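Participant: Everything below, folded, please.
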Amino acid sequence: MGKALLIIVVGFSTIFSGVLFNMTSNQQLASRALVTQYEKWLANNISESAANVAASKLYQNFDWAAGYDSLSLSGGLYSVGVANITTDSVREAKKIAVVAAASYANQTDTSVVVLMRPAYSYYLYFANQWPLLLTFQAGDTLTGPIHSNQQIQISNDPVFLAKVTTD
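Facilitator: Numbering: from 1, shown residues only. Purely as a prediction, here's the structure:
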(Lines give C-alpha, C1' and ligand atoms only; values in the text may rest on other atoms or scores of the structure.)
Protein backbone atom coordinates (compact mmCIF):
# COMPACT_ATOMS: atom_id res chain seq x y z
CA MET A 1 0.00 0.00 0.00
CA GLY A 2 2.89 2.38 0.80
CA LYS A 3 4.56 1.82 -2.57
CA ALA A 4 1.31 2.42 -4.45
CA LEU A 5 0.67 5.63 -2.51
CA LEU A 6 4.21 6.79 -3.22
CA ILE A 7 3.75 6.09 -6.96
CA ILE A 8 0.45 8.00 -6.97
CA VAL A 9 2.00 11.00 -5.16
CA VAL A 10 5.01 11.06 -7.52
CA GLY A 11 2.69 10.71 -10.53
CA PHE A 12 0.44 13.58 -9.46
CA SER A 13 3.50 15.71 -8.62
CA THR A 14 4.90 15.08 -12.11
CA ILE A 15 1.57 15.91 -13.78
CA PHE A 16 1.08 19.11 -11.75
CA SER A 17 4.69 20.22 -12.37
CA GLY A 18 4.12 19.81 -16.12
CA VAL A 19 0.85 21.76 -15.94
CA LEU A 20 2.48 24.49 -13.84
CA PHE A 21 5.42 24.72 -16.27
CA ASN A 22 2.96 25.01 -19.18
CA MET A 23 0.96 27.74 -17.41
CA THR A 24 4.12 29.71 -16.63
CA SER A 25 5.29 29.42 -20.23
CA ASN A 26 1.91 30.59 -21.55
CA GLN A 27 1.89 33.48 -19.09
CA GLN A 28 5.32 34.62 -20.31
CA LEU A 29 4.19 34.41 -23.94
CA ALA A 30 1.04 36.39 -23.15
CA SER A 31 3.06 39.04 -21.32
CA ARG A 32 5.48 39.40 -24.23
CA ALA A 33 2.58 39.63 -26.70
CA LEU A 34 0.92 42.32 -24.57
CA VAL A 35 4.13 44.38 -24.37
CA THR A 36 4.70 44.04 -28.12
CA GLN A 37 1.13 45.10 -28.88
CA TYR A 38 1.47 48.09 -26.54
CA GLU A 39 4.71 49.14 -28.26
CA LYS A 40 3.04 48.86 -31.70
CA TRP A 41 0.08 50.91 -30.45
CA LEU A 42 2.39 53.59 -29.03
CA ALA A 43 4.44 53.75 -32.27
CA ASN A 44 1.16 54.19 -34.19
CA ASN A 45 0.01 56.97 -31.84
CA ILE A 46 3.35 58.77 -32.18
CA SER A 47 3.23 58.61 -36.00
CA GLU A 48 -0.36 59.88 -36.09
CA SER A 49 0.49 62.68 -33.65
CA ALA A 50 3.49 63.64 -35.79
CA ALA A 51 1.27 63.78 -38.88
CA ASN A 52 -1.16 65.97 -36.93
CA VAL A 53 1.68 68.32 -35.88
CA ALA A 54 2.75 68.62 -39.53
CA ALA A 55 -0.84 69.20 -40.69
CA SER A 56 -1.16 71.97 -38.12
CA LYS A 57 2.07 73.55 -39.40
CA LEU A 58 0.76 73.30 -42.99
CA TYR A 59 -2.53 74.90 -41.92
CA GLN A 60 -0.52 77.90 -40.73
CA ASN A 61 1.72 77.97 -43.82
CA PHE A 62 0.73 75.78 -46.78
CA ASP A 63 4.16 76.35 -48.37
CA TRP A 64 6.05 74.81 -45.42
CA ALA A 65 8.15 71.92 -46.67
CA ALA A 66 10.95 71.55 -44.11
CA GLY A 67 9.54 68.57 -42.23
CA TYR A 68 11.00 67.33 -38.95
CA ASP A 69 13.87 64.97 -38.28
CA SER A 70 14.28 62.73 -35.22
CA LEU A 71 12.19 64.56 -32.65
CA SER A 72 11.18 62.82 -29.45
CA LEU A 73 7.61 62.26 -28.28
CA SER A 74 6.30 59.96 -25.52
CA GLY A 75 9.56 58.08 -25.27
CA GLY A 76 9.79 57.43 -29.02
CA LEU A 77 11.19 59.25 -32.05
CA TYR A 78 9.46 60.61 -35.13
CA SER A 79 10.41 62.17 -38.45
CA VAL A 80 8.12 63.94 -40.89
CA GLY A 81 8.60 64.45 -44.62
CA VAL A 82 6.51 66.84 -46.71
CA ALA A 83 6.22 66.62 -50.50
CA ASN A 84 4.20 68.38 -53.20
CA ILE A 85 2.39 65.61 -55.13
CA THR A 86 0.38 67.81 -57.49
CA THR A 87 0.43 66.16 -60.93
CA ASP A 88 -1.15 68.96 -62.96
CA SER A 89 -0.65 72.42 -61.43
CA VAL A 90 -2.91 74.06 -64.02
CA ARG A 91 -5.98 71.86 -63.53
CA GLU A 92 -5.84 70.71 -59.92
CA ALA A 93 -5.32 72.25 -56.52
CA LYS A 94 -1.97 71.89 -54.80
CA LYS A 95 -1.72 68.52 -53.00
CA ILE A 96 0.71 67.95 -50.16
CA ALA A 97 1.70 64.51 -48.87
CA VAL A 98 2.81 64.23 -45.26
CA VAL A 99 4.68 61.06 -44.35
CA ALA A 100 5.27 60.61 -40.62
CA ALA A 101 7.47 57.75 -39.45
CA ALA A 102 7.76 56.87 -35.77
CA SER A 103 9.61 54.33 -33.67
CA TYR A 104 9.10 53.17 -30.13
CA ALA A 105 11.23 50.42 -28.61
CA ASN A 106 11.60 47.90 -31.48
CA GLN A 107 8.37 48.89 -33.26
CA THR A 108 7.94 51.31 -36.17
CA ASP A 109 4.86 52.80 -37.79
CA THR A 110 4.20 55.16 -40.68
CA SER A 111 1.24 57.46 -41.29
CA VAL A 112 0.56 59.10 -44.66
CA VAL A 113 -1.78 62.07 -45.02
CA VAL A 114 -2.67 63.90 -48.23
CA LEU A 115 -3.79 67.52 -47.81
CA MET A 116 -5.02 70.08 -50.26
CA ARG A 117 -6.55 73.49 -50.09
CA PRO A 118 -10.26 73.54 -50.72
CA ALA A 119 -11.50 75.03 -53.98
CA TYR A 120 -12.93 78.55 -53.98
CA SER A 121 -16.40 77.08 -54.36
CA TYR A 122 -16.02 75.51 -50.89
CA TYR A 123 -16.32 78.94 -49.25
CA LEU A 124 -19.49 80.88 -48.67
CA TYR A 125 -17.40 84.00 -49.19
CA PHE A 126 -13.79 84.20 -50.42
CA ALA A 127 -11.91 87.45 -50.99
CA ASN A 128 -8.38 88.05 -52.14
CA GLN A 129 -8.83 91.79 -51.44
CA TRP A 130 -11.56 92.73 -48.98
CA PRO A 131 -14.02 95.26 -50.48
CA LEU A 132 -13.96 98.56 -48.58
CA LEU A 133 -17.75 98.81 -48.32
CA LEU A 134 -18.34 95.25 -47.11
CA THR A 135 -18.78 94.91 -43.35
CA PHE A 136 -20.48 92.05 -41.55
CA GLN A 137 -22.81 93.57 -38.96
CA ALA A 138 -25.18 92.62 -36.15
CA GLY A 139 -28.07 90.64 -37.59
CA ASP A 140 -25.89 88.95 -40.25
CA THR A 141 -25.75 85.17 -39.94
CA LEU A 142 -23.17 83.43 -42.12
CA THR A 143 -23.57 79.65 -42.39
CA GLY A 144 -20.53 78.63 -44.43
CA PRO A 145 -16.78 79.04 -44.21
CA ILE A 146 -15.31 82.46 -45.01
CA HIS A 147 -11.74 83.30 -46.03
CA SER A 148 -9.99 86.53 -46.85
CA ASN A 149 -6.38 87.24 -47.70
CA GLN A 150 -6.82 90.56 -45.87
CA GLN A 151 -8.45 91.72 -42.65
CA ILE A 152 -12.22 91.10 -42.50
CA GLN A 153 -14.34 94.08 -41.49
CA ILE A 154 -16.78 93.23 -38.69
CA SER A 155 -19.14 95.57 -36.87
CA ASN A 156 -21.05 94.74 -33.68
CA ASP A 157 -21.79 91.00 -33.38
CA PRO A 158 -22.55 89.07 -36.58
CA VAL A 159 -23.04 85.31 -36.20
CA PHE A 160 -20.56 82.95 -37.87
CA LEU A 161 -21.66 79.29 -37.94
CA ALA A 162 -18.53 78.01 -39.69
CA LYS A 163 -14.80 78.66 -39.74
CA VAL A 164 -13.56 82.18 -40.56
CA THR A 165 -9.92 82.49 -41.65
CA THR A 166 -7.55 85.20 -42.86
CA ASP A 167 -3.96 85.18 -44.07
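Participant: Averaged pLDDT, stretch 48-59. What do you get?
Facilitator: For stretch 48-59, the mean pLDDT works out to 94.
Participant: before we move on, what about stretch 154-161?
Facilitator: 92.
Participant: Quick one: distance of that stretch to the chain centre.
Facilitator: Distance of stretch 154-161 from the chain centroid (CA atoms, centre = their mean, to the nearest Å) equals 33 Å.
Participant: again, but for stretch 130-145
Facilitator: Between the mean C-alpha location of stretch 130-145 and the chain-wide mean there is a distance of 35 Å, by CA atoms, centre = their mean.
Participant: Stretch 45-54 now?
Facilitator: Going by CA atoms, centre = their mean, where stretch 45-54 is centred and where its chain is centred differ by 4 Å.
Participant: ok, and what's touching that stretch?
Facilitator: Applying CB atoms under 8 Å, 6 or more residues apart in numbering, the external contacts of stretch 45-54 come out as 67-68, 71, 73-74, 76-80, 82, 98, 100-104, 109-113. From N, CA and C alone the C-beta is placed, and that goes for glycine too.
Participant: again, only this time at 10 Å
Facilitator: Contacts of stretch 45-54 from elsewhere in the structure, counted by CB atoms under 10 Å, 6 or more residues apart in numbering, are 64, 66-68, 71-82, 96, 98-104, 107-113, 115.
Participant: now the helices: where do they sit in the protein?
Facilitator: For the chain, the helices identified by DSSP state H occupy 2-60, in order along the chain.
Participant: Show me how it divides into domains.
Facilitator: Structural domains assigned to the chain are 2-116, 118-167, following automatic domain parsing.
Participant: For those domains, give me TSV that also has mean neighbour count.
Facilitator: Shown next, in TSV, are those (neighbours: other CB atoms under 10 Å):
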stretch	mean neighbour count
domain 2-116	14
domain 118-167	12
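Participant: Grab the most central residue of this protein for me.
Facilitator: For the chain, Glu48 is the residue whose C-alpha lies nearest the centre (CA atoms, centre = their mean; 2.6 Å).
Participant: which one is Ser74 nearest to, not counting chain neighbours?
Facilitator: Beyond its immediate neighbours in the sequence, the residue positioned closest to Ser74 (CB to CB, 6 or more residues apart in numbering) is Ile46, lying 5.8 Å away.
Participant: Can you give me every residue that contacts the closest residue to Val159 other than its chain neighbours?
Facilitator: The shortest distance from Val159 to any residue other than its chain neighbours is 4.4 Å, reached at Thr141 (CB to CB, 6+ apart). With contacts defined as CB under 10 Å, 6+ apart, the neighbours of Thr141 are 158-161.
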